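Trainee: model the following, please.
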Amino acid sequence: MNVLFAASEAYPLVKTGGLADVAGHLPIALNQQGAEVTLVLPGYGQVLENYPAPVMAHVETWSGYALLRETFLPDSALRVWLVDHPIFKHRIGNPYVDAKGHEWHDNAQAFALFSHVVAKVLAGHSAARSDYDLVHCHDWQTGLLPAYLQQESVDLPVVFTIHNLAYQGVYSPHVRHEIHLHDRFWHMGGVEFHGLLSFMKSGLVFADKITTVSPSYAEEIKTETFGYGLAGLLRARAKDLSGIINGIDTEIWNPAKDPLIAANYSLDTLDDKRLNKLALQRELGLPEDEEVLLLGHVGRMVEQKGVDVILDALEGLFELPVQLAIVGTGAAHLEQGVRAARAEWPERLGAHLGYDERLAHLLEAGADVFLMPSRFEPCGLNQMYSQVYGTLPLVNPTGGLRDTVVDASLQAIADGTGSGFHLEGLSPAHLVKKVGDALGLYRDTGNWRRTQGNAMRKDFSWANSARQYLSLYQTLSKSAE
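Mentor: The predicted structure follows:
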């Protein structure tokens with residue numbers, strides 16, 4: 001099966017979030033299972049500068065010609081096409097926002113052009129290969145691609161994946177004339193969204209199958225709370241909507257060979273995990289204590305991640321014999337809250353405010369419990385990293401957190417599934433109570449070890465995700481025959 005994988009970012013070429021991890025890892029895993037995937041990305045200036053790629057075709061656009069360049073993803077055999085056009089060249093740093101955090105003025109035109117070029121290639125309007133069996137589009141940046149395929153009379157099955165429905169690519173209705181989108185798409189059952197042009201809605205309407213990054217999130221986005229105005233459409237397309245959990249890079253996130261942690265360990269050498277705990281305490285200025293329950297949190301300091309809930313719970317948490325380690329950066333008021341708390345409880349709270357990959361790995365290895373009280377989480381990664389490292393995640397059971405963390409009741413521990421802790425409500429009081437429950441399990445050494453074992457044996461590899469996507473592709477391929 002030949003699959004064209006269209007995305008706006010892919011690790012390691014360009015990355016702003018989890019989308020890049022999917023686009024950089026899933027195609028490789030699919031290839032390893034027998035598919036033949038080509039990844040196509042916009043040719044941002046910094047990508048073309050860092051990854052030379054010869055021209056293989058020219059494609060006419062409404063704004064001159066685009067060059068289609070070909071290269072391979074570093075350290076892999078994955079073919080990558082880069083759409084080289086002046087509209088992408090000025091996007092230095094972040095593809096979507098400038099250095100001040102403002103959206104690039106021509107985002108609508110840029111990502112529409114990208115999708116139109118891909119559609120024209122698949123329609124045979126260039127010298128590039130066009131014999132694909134299926135197109136897999138990702139997030140709002142490629143949302144117009146299914147519409148353009150219809151416009152170009154290309155009859156190919158399309159899978160559209162939602163990574164975060166909160167970001168939809170909604171623009172002025174006048175843009176549709178600039179991007180040469182036929183008026184036949186401009187109606188309530190098409191790309192029109194409350195009088196505006198919605199890239200996301202286009203993907204949801206015109207794709208054959210819709211996926212998102214966890215089964216629970218697939219259910220949540222059909223509700224008004226998480227649907228961001230598109231819940232009705234998603235309910236109407238429920239039979240075509242499914243959730244598939246993202247994978248993680250189990251080569252990079254592997255405590256047995258992680259070069260960024262103080263001591264490597266595995267399930268067979270789990271006692272060595274404590275050396276990372278001591279190293280983390282030492283590095284963050286906390287008293288070195290093997291026995292204390294060490295809580296950890298890594299991530300963006302934003303309301304979505306529930307950092308405010310953690311801060312509001314500190315007084316109650318520190319009535320328990322626990323320490324807390326925090327690594328991350330984000331909203332100024334949350335960073336200031338961490339600074340103030342560290343000054344008030346220097347023996348209990350250690351923090352590093354800033355991005356630090358090494359410390360992120362050390363915290364995953366050194367903490368006993370990872371706090372993740374997210375308000376919403378389409379998939380989430382840290383709860384998976386934590387389980388691989390035998391660090392039990394304490395989560396708000398929403399989206400991917402619900403699907404990847406099983407609450408550690410005694411029955412679930414015994415049957416080999418319990419792997420963390422579910423909050424019973426998203427409040428400081430609920431967080432303190434659940435940390436108390438975790439402390440009780442921590443003191444029950446046998447069941448704590450069993451729970452760590454349950455967590456570390458889980459398969460969060462991209463191979464697992466790829467098997468599910470390949471099965472979905474095959475159903476589309478058979479229905480198209």
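
Trainee: in space, what's closest to L363 - neighbours in sequence excluded?
Mentor: For L363, ignoring the flanking residues on the chain, the nearest one in space by Cβ to Cβ, 6 or more residues apart in numbering is G296 at 4.6 Å. From N, CA and C alone the C-beta is placed, and that goes for glycine too.

Trainee: ok, that neighbour - contacts?
Mentor: Going by Cβ atoms under 8 Å, 6 or more residues apart in numbering, G296 touches 280, 324-327, 363-364, 366-371, 391.

Trainee: care to break the chain down by domain?
Mentor: Domain assignment for the chain by automatic domain parsing gives 2-247+462-480, 267-456.

Trainee: let's have the contacts of G296 in CSV, adding distance to H182, secondary structure and neighbour count.
Mentor: Formatted as CSV, those follow (distance: Cβ to Cβ, whole Å; DSSP: H, G, I helix; E, B strand; the rest coil; neighbours: other Cβ atoms under 10 Å):
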residue, distance to H182, secondary structure, neighbour count
L280, 57, helix, 26
L324, 56, strand, 28
A325, 55, strand, 25
I326, 51, strand, 25
V327, 49, strand, 25
L363, 51, helix, 32
E364, 49, helix, 27
G366, 57, helix, 28
A367, 54, coil, 28
D368, 58, coil, 22
V369, 54, strand, 25
F370, 49, strand, 26
L371, 50, strand, 33
T391, 52, coil, 29
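
Trainee: pull the longest helix from the protein.
Mentor: helix 462-480 (DSSP state H).

Trainee: what residues does that one touch?
Mentor: Residues contacting helix 462-480 (Cβ under 8 Å, 6+ apart): 1, 3, 25-26, 28-30, 32-35, 133-134, 136, 156-157, 159, 208-209, 211, 242, 244-249.

Trainee: quick check: buried residues in that helix?
Mentor: W462, A463, S465, A466, Y469, L470, L472, Y473, L476 (16 or more other Cβ atoms under 10 Å).

Trainee: what about the nearest residue to V97 once chain neighbours are set aside, neighbour count?
Mentor: Leaving aside its chain neighbours, V97 sits nearest to E103 (5.5 Å; criterion: Cβ to Cβ, 6+ apart). Using other Cβ atoms under 10 Å, E103 has 11 neighbouring residues.

Trainee: any idea how far E103 lies from G366?
Mentor: Applying Cβ to Cβ, to the nearest Å, the value for E103 to G366 is 38 Å.

Trainee: same thing with S374?
Mentor: 22 Å.

Trainee: ok, W140 next?
Mentor: 38 Å.

Trainee: any idea which element A119 lies in?
Mentor: helix 107-122 (DSSP states H and E).

Trainee: that helix: what's the following helix or strand?
Mentor: strand 134-138.

Trainee: and that next one, what does it pack onto?
Mentor: If you count contacts as 3 or more Cβ pairs under 8 Å, 6 or more residues apart in numbering; DSSP states H and E, strand 134-138 packs onto strand 2-6, helix 18-32, helix 145-151, strand 158-162, helix 462-480.

Trainee: what helices and strands are in contact with the first one?
Mentor: The contact analysis (3+ Cβ pairs under 8 Å, 6+ apart) places strand 2-6 against helix 18-32, strand 36-42, helix 107-122, strand 134-138.

Trainee: okay if I get these as a markdown table plus mean neighbour count?
Mentor: A markdown table is the format used below for these (neighbours: other Cβ atoms under 10 Å):
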| stretch | mean neighbour count |
| --- | --- |
| helix 18-32 | 22 |
| strand 36-42 | 22 |
| helix 107-122 | 25 |
| strand 134-138 | 26 |
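
Trainee: related to what we said a few turns ago, buried subset of the contacts of helix 462-480?
Mentor: Applying 16+ other Cβ under 10 Å to these flags 3, 25-26, 28-30, 35, 133-134, 136, 156-157, 159, 208-209, 211, 244-249 as buried.

Trainee: if anything else comes up later, I'll come back, but that's it for now.
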